[in-house]
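Student: need coordinates for the below:
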Amino acid sequence: MVGMMVGKHEWMMPSIWQFVLASIVQLWLAIPFYKSAWASIKGGLANMDVLVTIGTVAIYAYSVYMLFFSPHRQHEGMVHVYFEASVMVIGFVSLGKFLEDRAKKNSLNSLGLLLKLTPQQVSVQRHQQWVTTPIDQVVIGDILRANHGERIAADGIVQSGEGWADESHLTGESNPEQKMVGSKVF
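Tutor: Below you'll find the predicted structure:
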């Protein structure tokens with residue numbers, strides 16, 4: 001494609017090689033797009049894969065026609081084919097799907113790690129005494145105690161005392177500023 005972009009068409013790969021490489025992409029690497037597009041159409045909807053499939057198959061079919069069947073296929077000694085366009089569309093969309101999947105996986109891993117930060121047991125005031133209980137038995141209205149150096153088990157309002165809370169695991173800041181909590185929502 002670089003040759004075409006800079007006006008040096010002699011740099012372009014021969015049309016028959018473009019056909020071979022584009023055929024590999026269209027008939028093998030693009031199969032997941034075709035399957036997804038077909039399932040989407042059967043479901044009565046059209047997703048991005050339908051657009052990618054229609055566009056790339058149209059480009060590929062036009063280029064095959066121009067290469068092998070068109071009586072007017074040559075203009076100034078060149079065959080006007082666009083195999084590289086279909087390959088680039090499939091390549092860019094595949095790259096986008098890969099990056100999206102990787103981002104989803106990383107965010108799910110991050111959520112799992114964040115959930116591991118939650119303490120499993122907390123100190124709850126029940127009947128004027130502090131009792132250690134599992135976190136899943138805490139209900140709205142319970143008064144919890146967070147001692148120095150402990151993780152804060154739940155959102156709430158500070159009833160008494162004050163301290164510092166590291167909120168970097170919530171904000172995502174790499175250089176967190178610790179925030180003073182006391183007599184306010186944290």
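Student: going by C-alpha atoms from here, please, whenever you check contacts or count neighbours.
Tutor: OK.
Student: mind listing what's buried along stretch 132-151?
Tutor: 135, 138, 143-145 (16 or more other Cα atoms under 10 Å).
Student: please enumerate the helices of this protein.
Tutor: Assigned helices in the chain, in chain order: 2-5, 15-24, 31-42, 48-68, 83-116, 168-171 (criterion: DSSP state H).
Student: and the third one, what does it pack against?
Tutor: What that stands for is helix 31-42. helix 48-68 (3 or more Cα pairs under 8 Å, 6 or more residues apart in numbering; DSSP states H and E).
Student: quick one on the thing from earlier: out of the buried residues of stretch 132-151, which sit inside strands?
Tutor: The strands, defined by DSSP state E, take in 143-145 from these.
Student: lowest mean pLDDT among the helices and strands of the protein, which one is it?
Tutor: strand 179-181 (a mean of 54; mean pLDDT, DSSP states H and E).
Student: and the residue of the chain positioned farthest from its centre, how far is that from Leu95?
Tutor: Distance from the centre of the chain peaks at Gln128, with 49.2 Å (Cα atoms, centre = their mean). According to Cα to Cα, to the nearest Å, Gln128 and Leu95 sit 59 Å apart.
Student: and Ala103, by the same measure?
Tutor: 12 Å.
Student: how about Leu45?
Tutor: Per Cα to Cα, Leu45 is found 24 Å from Leu95.
Student: same deal with His127?
Tutor: 59 Å.
Student: now Lys105
Tutor: 15 Å.
Student: with Tyr34 instead?
Tutor: 17 Å.
Student: how about the contacts made by Ile41?
Tutor: Going by Cα atoms under 8 Å, 6 or more residues apart in numbering, Ile41 touches Val50.
Student: model confidence for the residue nearest in space to the middle of the chain, exactly?
Tutor: For the chain, Glu100 is the residue whose C-alpha lies nearest the centre (Cα atoms, centre = their mean; 2.1 Å). Confidence at Glu100, expressed as pLDDT, is 94.
Student: how about the closest residue to Gln18 other than its chain neighbours, what does it touch?
Tutor: Among residues not flanking Gln18 along the chain, Phe83 sits closest, at 6.1 Å (Cα to Cα, 6 or more residues apart in numbering). Shown in contact with Phe83 (Cα under 8 Å, 6+ apart): 18-19, 22, 59-60, 63.
Student: mind giving me the ChimeraX select for those, buried ones only?
Tutor: Per 16+ other Cα under 10 Å, the buried members of the contacts of Phe83 correspond to this ChimeraX selection:
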select :18,19,22,59,60,63
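Student: can I get the contacts of Phe83 in a markdown table including pLDDT?
Tutor: What follows is these, written out as a markdown table (pLDDT from 0 to 100):
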| residue | pLDDT |
| --- | --- |
| Gln18 | 89 |
| Phe19 | 93 |
| Ala22 | 94 |
| Ile59 | 95 |
| Tyr60 | 96 |
| Ser63 | 92 |
